[in-house]
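Peer 1: this one's structure only:
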């Protein structure tokens, strides 16, 4: 099921709720919920995050010298104690097929490089006379995960290993790969080699790069040439300070967004998270309702991919309503020019333009006109009021103003009340 990257991808990722230890049953439960309740709104990607090949994976960190599951050619395979359908060499093929049958796309996470265990065993690289030792750069390691060595791209064994790994993913039916430890520092050779392996696989697989800590727009051309998504921050959790810090980053990256290449502000830590996660215990997201609306509004105005991190079957109705507001998701799918207009202390104003008309705008018989979106944020700890002036974004003449979260028709001559850490998201529909 090819992932459409002409608009920002939308999906579910297992990390925020299950960390490294998600199971097949949990993935399927979330996929089935997505197909039943979210697919019609555009949510259609299911991603199994880190260490699906680690039979002893646990919450709250990584095991030293993990006993990762490998095939005879040093390629990771799903741990059968967690993914029962992967037994007897089936890999993720059966699970991907189940996900596809639901009308969804299937994705997985992978670390940069080659498993250290493959190097220790000096396993052969498929279709070559080389071995893992030839491919590995043992001096290149991830500072926070013990699974892999980097690759030595001065040796052709490095590209051969990625080619073999991605060919296996393609054979399983993988549609989306989240490749981690790629951006901090920026591993340009690794990124280009992975993109080449995807091209050689013959399958249209979307490449998403992480983690993005300190990522600079100077890398934009390289990113666009090789990937469809790239993270612009470290992991984002259910803390207001994490959301707050994305405002400056997205102000820099939003003007670069275009079909096929999306700056990614990271997952949505909403709903029920922390079930077996890296940080914190089983909990509902600690973001307040206003903070959650701010997060969703900022992400759609900046056209960041949306990857939900909570456990969908146990997610509360209010959170599901955030994910399924058609008027808000319209901004993600059909707008351009999104960006910050102004920032004055805690007062932040964003705007974007609709790229297709609002059919009900104007009087009967008038041709429909495209809307303008305004998002008035208040980042402070106390409520605020603000006058939103359409002239500030070039909207003149008569128009209707609608709050897209409440559905309320507004009189913008009156100040808008904005709650602490909150937002008012307004669509301006011009009249003729």
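Peer 2: The structure has been received and is ready for your questions. In this text, all values refer to a predicted model and were calculated from it rather than measured experimentally.

Peer 1: max-length helix in this structure?
Peer 2: helix 156-172 (DSSP state H).

Peer 1: how about it: buried residues?
Peer 2: Across helix 156-172, burial judged by 16 or more other CB atoms under 10 Å covers 157-170, 172. Glycine gets a C-beta too; all of them are placed from N, C-alpha and C.

Peer 1: Packing partners of that helix?
Peer 2: helix 93-101, helix 132-135, strand 148-151, helix 188-201 (3 or more CB pairs under 8 Å, 6 or more residues apart in numbering; DSSP states H and E).

Peer 1: So what's the gap between the third one and the chain middle?
Peer 2: By that I understand strand 148-151. Mean-position distance between strand 148-151 and its chain equals 24 Å (CA atoms, centre = their mean, to the nearest Å).

Peer 1: can you check stretch 90-109 too?
Peer 2: That offset, for stretch 90-109, works out to 18 Å (CA atoms, centre = their mean).

Peer 1: Also stretch 187-201?
Peer 2: Centroid displacement of stretch 187-201 relative to its chain, using CA atoms, centre = their mean, is 20 Å.

Peer 1: cool, and stretch 6-25?
Peer 2: Counting by CA atoms, centre = their mean, stretch 6-25 comes out at 9 Å from the chain centroid.

Peer 1: Could you pull up the residues touching the residue nearest to residue 141 when sequence neighbours are not counted?
Peer 2: Residue nearest to residue 141 in three dimensions, not counting chain neighbours: residue 149, with 6.2 Å by CB to CB, 6 or more residues apart in numbering. Each residue near residue 149 by CB atoms under 8 Å, 6 or more residues apart in numbering is listed here: 113, 114, 115, 116, 119, 136, 137, 138, 140, 141.

Peer 1: Report the beta-bridge partners for residue 149.
Peer 2: Judged by DSSP bridges, the bridge partners of residue 149 are residue 114, residue 141.

Peer 1: State the distance from it to residue 178.
Peer 2: Per CB to CB, to the nearest Å, residue 149 is found 19 Å from residue 178.

Peer 1: residues touching the residue nearest the centre of the chain, list them.
Peer 2: The centroid of the chain falls nearest to residue 307 when counting by CA atoms, centre = their mean (4.2 Å). Contact partners of residue 307, counting by CB under 8 Å, 6+ apart, are 9, 10, 11, 12, 13, 45, 47, 264, 266, 267, 268.

Peer 1: circling back to that earlier point, buried among the contacts of residue 149? Need that as a selection in PyMOL.
Peer 2: Buried subset of the contacts of residue 149, written as a PyMOL selection, criterion 16+ other CB under 10 Å:
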select buried, resi 113+114+115+116+119+136+137+140+141
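
Peer 1: Which secondary structure element of the chain has the lowest mean pLDDT?
Peer 2: In the chain, no helix or strand scores lower on mean pLDDT, DSSP states H and E than strand 384-386, which sits at a mean of 92.

Peer 1: rewinding a little: pipe the helices and strands packed on helix 156-172 into JSON lines and attach mean pLDDT and distance to residue 80 per row.
Peer 2: JSON lines is the format used below for these (pLDDT from 0 to 100; distance: least, CB to CB, whole Å):
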{"stretch": "helix 93-101", "mean pLDDT": "98", "distance to residue 80": "12"}
{"stretch": "helix 132-135", "mean pLDDT": "98", "distance to residue 80": "22"}
{"stretch": "strand 148-151", "mean pLDDT": "98", "distance to residue 80": "21"}
{"stretch": "helix 188-201", "mean pLDDT": "98", "distance to residue 80": "24"}
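
Peer 1: Buried deepest among these, which one?
Peer 2: Highest mean neighbour count among the helices and strands packed on helix 156-172 (mean count of other CB atoms under 10 Å): strand 148-151, with a mean of 24.

Peer 1: where do the strands sit along the stretch 251-400 of the chain?
Peer 2: All strands of the stretch 251-400 of the chain, identified by DSSP state E, counting those that start in this stretch, fall at 262-264, 272-273, 283-284, 306-308, 335-344, 347-354, 372-378, 384-386, 399-403.
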